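In: Make a model of this:
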Amino acid sequence: MALTEIDRHLLQRCLAEEPGAWKDFVDRFLGLFVHVIQHTAHARSVPTSTDDIDDLCSEVFLALLANDYAVLRQFRGESSLATYITVVARRVVVREMARRRMSEALGHVNVGASALEHAHVTRSDLQRVENQDQVQRMLAGLPEREAAVVRQYHLEGRTYREISTGLGISENTVGPMLSRAAAKLRERGDA
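Out: Down below sits the predicted model:
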């Protein structure tokens with residue numbers, strides 16, 4: 001299927017960074033990304049929670065925004081925009097799932113989602129409890145916005161939505177910010 005005029009115009013608006021263009025893009029393709037995540041997870045027998053889906057959607061959007069929309073700028077129009085970004089989204093999701101599995105194998109992730117469901121504990125509550133002693137080390141050297149997210153999540157026990165509203169950031173960016181902060185802690189050897 002060829003690139004439609006609607007998608008061509010939407011893509012041009014996004015690349016020109018017109019007001020409201022990115023919101024229109026997200027509204028148009030968010031459902032597609034959720035479907036790609038669910039299908040990929042099912043095909044790989046990877047259980048996903050709502051938070052996992054939000055985090056993976058965020059990773060897809062970050063990939064599309066990276067380097068001044070480099071991925072979208074590389075689109076040549078030889079297929080539909082939906083087909084192109086489906087392939088991009090699938091690659092991002094597969095890469096992220098593989099990274100998470102590797103982290104689990106290396107012991108960076110303590111408990112799988114199914115074990116948490118049986119224990120009637122949420123993954124976020126477990127992380128908060130286990131990471132309390134590391135939060136202060138995690139805060140050192142973080143940019144202020146990331147430090148605020150870490151502080152509110154780990155110390156104040158706020159939800160992604162509460163953090164997003166309080167700091168005026170997208171709810172989908174909270175998870176990746178927490179992950180990056182934890183990764184920085186591991187890189188420094190404090191984890």
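In: Pull out the buried positions in stretch 63-70.
Out: For stretch 63-70, the neighbour count (16 or more other CB atoms under 10 Å) marks 63, 64, 69 as buried. Yep, even glycine has a C-beta here, placed from its N, CA and C like the rest.
In: Ramachandran angles for the last one?
Out: Dihedral pair for residue 69: phi 60, psi 40, per degrees, to the nearest 10.
In: Next: the first one.
Out: The phi/psi pair for residue 63 (degrees, to the nearest 10) reads phi -60, psi -40.
In: What spatial separation is found between residue 173 and residue 180?
Out: Look at residue 173 and residue 180: by CB to CB, to the nearest Å, they are 10 Å apart.
In: Looking at the two, which is more packed in?
Out: Neighbours per residue, other CB atoms under 10 Å: of residue 173 and residue 180, the larger number sits with residue 173, 20 against 15.
In: Quickly note the distance from that one to residue 81.
Out: 24 Å.
In: Put the alpha carbons of stretch 139-159 into PDB.
Out: Extracted in PDB, the C-alpha atoms of stretch 139-159 (Å, rounded to 0.1, in the frame of the first residue of the first chain):
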ATOM      1  CA  LEU A 139      20.500  10.800  43.000                       C
ATOM      2  CA  ALA A 140      24.100  11.800  43.000                       C
ATOM      3  CA  GLY A 141      25.100  13.200  39.600                       C
ATOM      4  CA  LEU A 142      21.700  13.000  38.000                       C
ATOM      5  CA  PRO A 143      20.200  15.900  36.100                       C
ATOM      6  CA  GLU A 144      17.600  17.700  38.200                       C
ATOM      7  CA  ARG A 145      14.600  16.400  36.300                       C
ATOM      8  CA  GLU A 146      15.700  12.800  36.600                       C
ATOM      9  CA  ALA A 147      16.600  13.300  40.200                       C
ATOM     10  CA  ALA A 148      13.100  14.700  40.900                       C
ATOM     11  CA  VAL A 149      11.500  11.600  39.200                       C
ATOM     12  CA  VAL A 150      13.700   9.200  41.200                       C
ATOM     13  CA  ARG A 151      13.000  11.100  44.400                       C
ATOM     14  CA  GLN A 152       9.300  11.200  43.900                       C
ATOM     15  CA  TYR A 153       9.000   7.600  42.800                       C
ATOM     16  CA  HIS A 154      11.400   5.900  45.300                       C
ATOM     17  CA  LEU A 155      11.200   8.200  48.400                       C
ATOM     18  CA  GLU A 156       7.700   9.600  48.100                       C
ATOM     19  CA  GLY A 157       6.000   6.600  46.600                       C
ATOM     20  CA  ARG A 158       4.200   8.500  43.900                       C
ATOM     21  CA  THR A 159       2.800   6.800  40.800                       C
END
